[in-house]
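[1] attaching a predicted model along with its sequence, questions to come.
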Amino acid sequence: MRTSYYSLYDALSIKYVDHRNWIYGFIDLFTKDYANFLIDEQKSPDLIINISQFKNNARILLENNKFGVSNNYFFGDKRYKCAYFSYDMLIDGLSMKVNVNPNIFASRVIHQLLLDYIINILLFHRGYSNLHSSAVAKDGSAILFTGPGGAGKSSFAFYCLKLGYHLIGDDRIFVKNGFAHPFLECPGLDYNTKEYIMPYISNKAKLVIHLNKIFKMISNNYVGMLFSLKSKDAFSDDVIAHEAVKIKKIIFLQPSHMFEVSQIDRDELMLKFQINQTYEDKPLLREIFNYSTVYPENLFLDYINNYLGLLSHNLPQKIEAYLVRYPKDEYEKVNSWLGEIL
């Protein structure tokens, strides 16, 4: 059994207990993604995650008996490609206990399909807004890149490293009171971004990029990034941002048939954030809505209903925001434009 403790921004404490044998420690992505928040033991964690077998305690069964709920409790299961895991949650105010029983393949995805969402909700109730964004910082100002999956957020954030920027995060960012807080999970070591990050990553990370390309080709794109590294093992320390930085610009990326840049106002920007985040949250929305039909007052619906209100409070009132539409083969046009405005 392995136990580790994490503290996110001194706002959320997590206890993570893995009851599986030692070999799973090498393939578990949660511990790598949250490595920068690792701390010594805390006495009373807000979130306890147990990776082990469990017995569900639901009293009401839904969805052909595959999903069950009781007051402040529900369980279910998920499949993604070869990955399968069952889980349950016990809710105690603004604290939670989560049990997860994954097969070996699910060790790579339980954070994305379950645990990240729970952490987003608990941090929301502590005043932090989560954004599906990449972000960089320079001279005390942060630039955020957002948009749908595959829009190029990581690529353009990595490009900014060439302009002297520091990386805040390349997929998920937490914002509060106008500041972007670093969330440096395992970086996207993908062959498509190698031209931007090669000068800033370790030799081990360069090897991982090529290994990921080989396995992606062998699996006919079925397997994505098989190998991952902690951010501190991938990037040199001098290109990583370590403190919260005030947000200055936000760039919403949208794949299109033509290159076009336009400024957008704050209301349109927030609506785009909400739509984008709803799509990112979709792995658990069905279960949340099922649970809410029986127990309509819960912290999950509070998050869904009030996400936009808290985001409006956490984003600066005056902000420079752009909508950038571009064809996928014209990254250089976007890079050229970035060089002009940054």
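    Received the coordinates, thanks.
[2] outside of the helix or strand where residue 334 lies, which residues touch it?
    Under the criterion DSSP states H and E, the helix or strand holding residue 334 is helix 331-341. Residues from elsewhere that reach helix 331-341 (C-beta atoms under 8 Å, 6 or more residues apart in numbering): 152, 155-156, 159-160, 163, 249, 253, 259, 261, 322, 324, 326. (Each C-beta comes from the backbone N, C-alpha and C, glycine too.)
[3] now it: mean pLDDT?
    Averaging pLDDT along helix 331-341 gives 88.
[4] same check, this time on stretch 114-122
    According to the model, stretch 114-122 has a mean pLDDT of 95.
[5] for it, buried residues please.
    114-122 (16 or more other C-beta atoms under 10 Å).
[6] in the helix or strand harbouring residue 74, what counts as buried?
    Per DSSP H and E: residue 74 is located in strand 73-80. The neighbour-count check on strand 73-80 (16+ other C-beta under 10 Å) flags 73-76, 78 as buried.
[7] and which of those is nearest to residue 199?
    Of all the buried residues of strand 73-80, residue 78 has the smallest distance to residue 199: 38.7 Å, by C-beta to C-beta.
[8] show me what contacts that closest one?
    84-85, 87, 106, 113-114, 283.
[9] next: residue 51.
    When contacts are counted by C-beta under 8 Å, 6+ apart, residue 51 touches 16-20, 24, 28, 100-102.
[10] beta partners of it?
    Beta-bridge pairing for residue 51 (DSSP bridges): residue 18, residue 100.
[11] picking that back up, nearest to residue 299 among the buried residues of stretch 114-122?
    Proximity of those to residue 299, judged by C-beta to C-beta, is greatest for residue 121, which lies at 6.2 Å.
[12] the closest residue to residue 124 other than its chain neighbours - how many residues pack around it?
    Spatial nearest neighbour of residue 124, excluding adjacent residues (C-beta to C-beta, 6 or more residues apart in numbering): residue 303 at 5.0 Å. By other C-beta atoms under 10 Å, the residues close to residue 303 number 21.
[13] could you report the pLDDT at the spatially closest residue to residue 327 that is not a sequence neighbour?
    Excluding the flanking residues, the one nearest residue 327 by C-beta to C-beta, 6+ apart is residue 257, at 6.1 Å. As predicted, residue 257 sits at a pLDDT of 91.
[14] secondary structure class of residue 257, three-state.
    Using DSSP: H, G, I helix; E, B strand; the rest coil, the secondary structure recorded for residue 257 is coil.
[15] make 57 the starting number, not 1.
    New numbering, starting at 57: the last item is residue 313.
[16] what about it, how many neighbours?
    Applying other C-beta under 10 Å, we find 9 residues neighbouring residue 313.
[17] ok, it to residue 389 distance?
    Computed as C-beta to C-beta, to the nearest Å, the residue 313 to residue 389 distance reads 13 Å.
[18] could you measure from residue 346 over to residue 165?
    21 Å.
[19] thank you kindly, that will do.
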